[in-house]
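Chemist: Would you be able to build a 3D model of this:
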Amino acid sequence: MCGITGIFLFDDPRPGMAQRIHSMTNTIRHRGPDDEGYCLISTKAATYRLAAGAESVPEIRERQPLIAALNQEPFDLVLGHRRFAILDLTVGGHQPYYDAARKIGGVFNGLIYNYKEVKAELEAKGEVFHTDCDTDVLFKAYGYWGEACFAKFNGTWAVALYDFNKRELILSRDRLGKKPIYFYRDQRGFYFASEIKAILQTREAEVRVNERAVFDYLTGGYRDLSQSTFYEGIESLPPASVLRLNAKGKAVSTKYWELQTNRNHALASAAPSEVAKELRNILEDAVRIRLRADVGLGIELSGGLDSSSIAGLATAAHSKPLSCFTVEYPQTQWNEEPYAREVATRFGMDYHVVRSPERWFWNDVNDFVALHEEPFHSPNLHTQQAVWRIMHEAGIRVILYGAGGDEVFAGYRKEYFYRHLRDLLKRGEMAAFIKNFTRFSELSAPALVAKAWQQFFPKANGSAPPVHSLLNNGLTKLPVLAPNGSTTEEQLYLNMTELKMPYWLLSNDKNSLAIPVEVRAPLLDYRLVEFAFHLPVNFLIRDGWLKWILRQAMNDLLPPNITWRRKKMGYPFPLEDWLRDSRGMIDSLFAGNENPYLNSRLIRANLDQWTAQQPELLWRALSLELWHRRFVRGQRVAA
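Modeler: As a prediction, this is how the structure comes out:
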């Protein structure tokens, strides 16, 4: 786990590049407090220099010059790295990495979970390793297989390497995009980093608002559509891609993996018991390889099906008792703590309870908004980080959690269950429709009718705000482009590849590495995702249960009260209560009416009504204001 930065100029090498890359890298110091390093290259002369920083480990500072000493030397490609040590805590894990024999060097953020297996394969081919670090494995794998190496990895990564033989800079991200690479390009060069703020630090990328991103976020809550950001000209490198860039600025992008969805796969005719068994086998191995670490491990436990499954499998695979942490809310309807306690007791875990941290948000709102760089979905993101900070204080550096279960196995009622009912009706499958309708686990039949009707035939509420009434500055003229799945299958695919998962992964990356801790999501192991997307939907939603096949796979491991619990909370957060408690602060933030994209007067006049009726929309307006205030207007929220 680390942070990476880079600049690749399209003209002659120039002095001053050492200072520029050091400034960029220092902007994301929080991502890697354990070490820093730099690689400075003259691509035309095919020469390079490695440099240390003030916070490099002593062995590196003794053998390499400090970065400031190289500022007068000319370079056209510079790379920076901040290290958060998880594997091989020795100097062997230092970056940038350079292989003199193969003439490749670069920087890497992430972790290759199957590095032991890839290492053994390379050793069988004659490769020699001098560290027990996945960084060594990644670069030697590239040296042996070239770009084909990325398809061999199971993990998370954002890598930038320079191949002196090909004279190309090569960037790559993991399959689902868990690790970010943001980039900006102009006529002078190419700038990239793990976080946007590092690119803004170069002063090459001005803060120009991407109004399409503002519109998509306010009207639908969407983020990161088509790899966009809220900054015009700054984008994300697509997941599962490789970008090759030469000194003339010519770029070639390819994909090494695509999520294939084939619900008519041979698995469609398999017995449910066999499907559940295979699912369990894949998930057990996904957990096993994610327990590899040379630092403290822990579990974030909500008490729901997903995190409880991870807790049970991790306990079985780990040689020592694991610590787990959960949140307790005073509001009974939001509190999952009793369920988490039941799971922890069953598996003999070291159990910790965090008391209701949702009101901590305003204590460090300025730092949190600056960290995330863009508007975000809920103040619950801060609550989650508060739990991770407490886990860090307890000595935990790697956290396993249940992220992804709802997107992989169809866990959202609004997103999937209502669509599934509609799909069944369209196909004339009345027996399955009646069984799902009458046995739905989360709502009674009358409540289900009302909710489903409201979902597909929304009726305007005269006292609720039409979203377009909040928009200023011509945003109402923009067309709605965000895709919407007409079937359950389509919505599952869109949420995984476009609408939900890209944002969740990027926000969790920033949220965790601000502390820092590394978060690992076994339910997003690409093998499990591929497996689930070959299952017919009736394996995911059956007899009124969402995530039916996952429940079957975990049936003998978890208490029935967890596996077959009817009331789903997810990672709960009392948003209406939070908005109500924050009313005075919210009113003062909109009092200035300085945000050109929001009708601040209308928002202030309707705070109480919208808190009760459309809290998510009110939050999005507030989050946009907080971001605009910090990054566009350069203002801070007064304490």
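Chemist: CA only for contacts and neighbour counts going forward, please
Modeler: OK.
Chemist: Name the residues of stretch 510-525 that come out as buried.
Modeler: By 16 or more other C-alpha atoms under 10 Å, the buried positions in stretch 510-525 come out as 510-525.
Chemist: was I right about residue 525 contacting residue 284?
Modeler: No: counting by C-alpha atoms under 8 Å, residue 525 stays clear of residue 284, with 10.7 Å between them.
Chemist: Residue 486: neighbouring residues, count only.
Modeler: For residue 486, the count of nearby residues is 11 (other C-alpha atoms under 10 Å).
Chemist: same check, this time on residue 21
Modeler: The tally of other residues near residue 21 (other C-alpha under 10 Å) stands at 26.
Chemist: repeat for residue 638
Modeler: 10.
Chemist: Next, it: secondary structure please.
Modeler: Per DSSP: H, G, I helix; E, B strand; the rest coil, the local secondary structure of residue 638 is coil.
Chemist: just use 11 as the starting number from now, easier for me
Modeler: Will do, 11 is the new start, and the previous item becomes residue 648.
Chemist: Isn't residue 87 up against residue 20?
Modeler: No: if you go by C-alpha under 8 Å, residue 87 and residue 20 don't touch, sitting 9.2 Å apart.
Chemist: higher neighbour count, the two?
Modeler: Applying other C-alpha under 10 Å to residue 87 and residue 20 shows that residue 87 carries more neighbours, namely 27 against 18.
Chemist: Could you list the residues in contact with stretch 129-147?
Modeler: Contact with stretch 129-147 is made by 97, 98, 102, 103, 107, 118, 121, 122, 125, 128, 150, 151, as judged by C-alpha atoms under 8 Å, 6 or more residues apart in numbering.
Chemist: Please spell out the PyMOL selection for the buried subset of the residues you listed.
Modeler: The buried subset of those, as determined by 16+ other C-alpha under 10 Å, is captured in PyMOL by this line:
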select buried, resi 97+98+103+107+118+121+122+125+128+150+151
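Chemist: quick one on the thing from earlier: which ones among the buried residues of stretch 520-535 are found in helices?
Modeler: Secondary structure from DSSP state H places 520, 521, 522, 523 of the buried residues of stretch 520-535 in helices.
Chemist: Go through the residues you listed and name the one nearest residue 372.
Modeler: Nearest to residue 372 out of those is residue 521 (C-alpha to C-alpha; 16.2 Å).
Chemist: Let's verify residue 200: helix, strand, or coil?
Modeler: strand.
Chemist: Pull the number of nearby residues for residue 279.
Modeler: For residue 279, the count of nearby residues is 11 (other C-alpha under 10 Å).
Chemist: Dump the ones in helices among the buried residues of stretch 520-535 to CSV, plus pLDDT and distance to residue 308.
Modeler: Formatted as CSV, these follow (pLDDT from 0 to 100; distance: C-alpha to C-alpha, whole Å):
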residue, pLDDT, distance to residue 308
520, 98, 19
521, 97, 17
522, 98, 14
523, 98, 16
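Chemist: picking up where we left off before, ok, of the contacts of stretch 129-147, which one's closest to residue 640?
Modeler: Nearest to residue 640 out of the contacts of stretch 129-147 is residue 118 (C-alpha to C-alpha; 29.7 Å).
Chemist: secondary structure class for the closest one?
Modeler: Following three-state DSSP, the label given to residue 118 is strand.
Chemist: Pull up the per-residue confidence for it.
Modeler: Per-residue pLDDT puts residue 118 at 96.
Chemist: show me the contacts for it.
Modeler: For residue 118, the contact set (C-alpha under 8 Å, 6+ apart) comprises 12, 13, 14, 91, 105, 106, 145, 167, 168, 169, 170.
Chemist: Mind checking which of those residues are in helices?
Modeler: In helices, defined here by DSSP H, the members of the contacts of residue 118 are residue 145.
Chemist: Sort the contacts of residue 118 by pLDDT and name the bottom one.
Modeler: Lowest pLDDT among the contacts of residue 118: residue 12, with 92.
Chemist: Tell me who's in contact with that one.
Modeler: Contacts of residue 12 (C-alpha under 8 Å, 6+ apart): 41, 42, 91, 92, 93, 94, 118, 119, 120.
Chemist: Counting neighbours, which of these comes out on top?
Modeler: residue 91 leads the contacts of residue 12 on contacts (other C-alpha under 10 Å) with 35 neighbours.
Chemist: on that earlier part again, out of the contacts of stretch 129-147, flag the one nearest to residue 513.
Modeler: Closest approach to residue 513 among the contacts of stretch 129-147 (C-alpha to C-alpha): residue 121, at 19.8 Å.
Chemist: Okay, and the beta partners of that closest one?
Modeler: Beta-bridge pairing of residue 121 under DSSP bridges involves residue 166.
Chemist: What distance do you get for the closest residue in space to residue 183 that isn't next to it in sequence to residue 91?
Modeler: Distances taken as C-alpha to C-alpha, 6 or more residues apart in numbering place residue 168 nearest to residue 183, at 4.6 Å, with adjacent residues excluded. To residue 91, residue 168 is 12 Å away according to C-alpha to C-alpha, to the nearest Å.
Chemist: Please list the outside residues in contact with stretch 380-389.
Modeler: Residues from elsewhere that reach stretch 380-389 (C-alpha under 8 Å, 6+ apart): 206-207, 231, 239-240, 368, 371, 379, 517, 520-521, 524, 585, 626, 629-630, 633-634, 636-637, 640-641.
Chemist: and if you look at stretch 611-629?
Modeler: Stretch 611-629 is contacted by residues 228, 387-388, 473-475, 477, 480, 585-586, 589-590, 593, 597, 600-601, 603 when judged by C-alpha under 8 Å, 6+ apart.
Chemist: Please read off the pLDDT at the residue nearest the centre of the chain from the model.
Modeler: Nearest residue to the geometric centre of the chain (C-alpha atoms, centre = their mean): residue 515, 1.1 Å. According to the prediction, residue 515 has pLDDT 97.
Chemist: Can you tell me the element it falls in?
Modeler: helix 511-523 (DSSP states H and E).
Chemist: what helices or strands is that helix leaning on?
Modeler: Contacts defined by 3 or more C-alpha pairs under 8 Å, 6 or more residues apart in numbering; DSSP states H and E place helix 511-523 against helix 375-382, helix 390-403, strand 528-530.
Chemist: Give the partner strands of the shortest one in its sheet and their orientations.
Modeler: Okay, so that is strand 528-530. strand 406-410 (parallel).
Chemist: who's in contact with the partner strand?
Modeler: 96, 300, 303, 305-310, 320, 401, 526-532.
Chemist: What is the subsequent helix or strand relative to it?
Modeler: Using DSSP H and E, the helix or strand that follows strand 406-410 towards the C-terminus is helix 415-419.
Chemist: what residue ranges in the stretch 361-510 of the chain score low on pLDDT?
Modeler: For the stretch 361-510 of the chain, the stretches flagged by pLDDT under 70 are 367-369, 455, 462, 464-476.
Chemist: can you give me the helices in it?
Modeler: Secondary structure of the stretch 361-510 of the chain (DSSP state H, counting those that start in this stretch): helices at 375-382, 390-403, 415-419, 428-436, 440-449, 455-466, 498-504.
Chemist: so which of these comes closest to residue 563?
Modeler: Residue 563 sits nearest to helix 415-419 of all those, at 12.0 Å, using C-alpha to C-alpha.
Chemist: which residues of the chain score low on pLDDT?
Modeler: Low-confidence segments of the chain (pLDDT under 70): 341-344, 367-369, 455, 462, 464-476, 579-582, 649.
Chemist: Residue ranges of each domain in it, please.
Modeler: Here the domain assignment for the chain is 12-119+167-265, 276-419+496-573, based on automatic domain parsing.
Chemist: Dump the ones you listed into CSV; add distance to residue 136 as well.
Modeler: Formatted as CSV, the domains of the chain follow (distance: least, C-alpha to C-alpha, whole Å):
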stretch, distance to residue 136
domain 12-119+167-265, 14
domain 276-419+496-573, 24
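Chemist: All good on my end, thank you.
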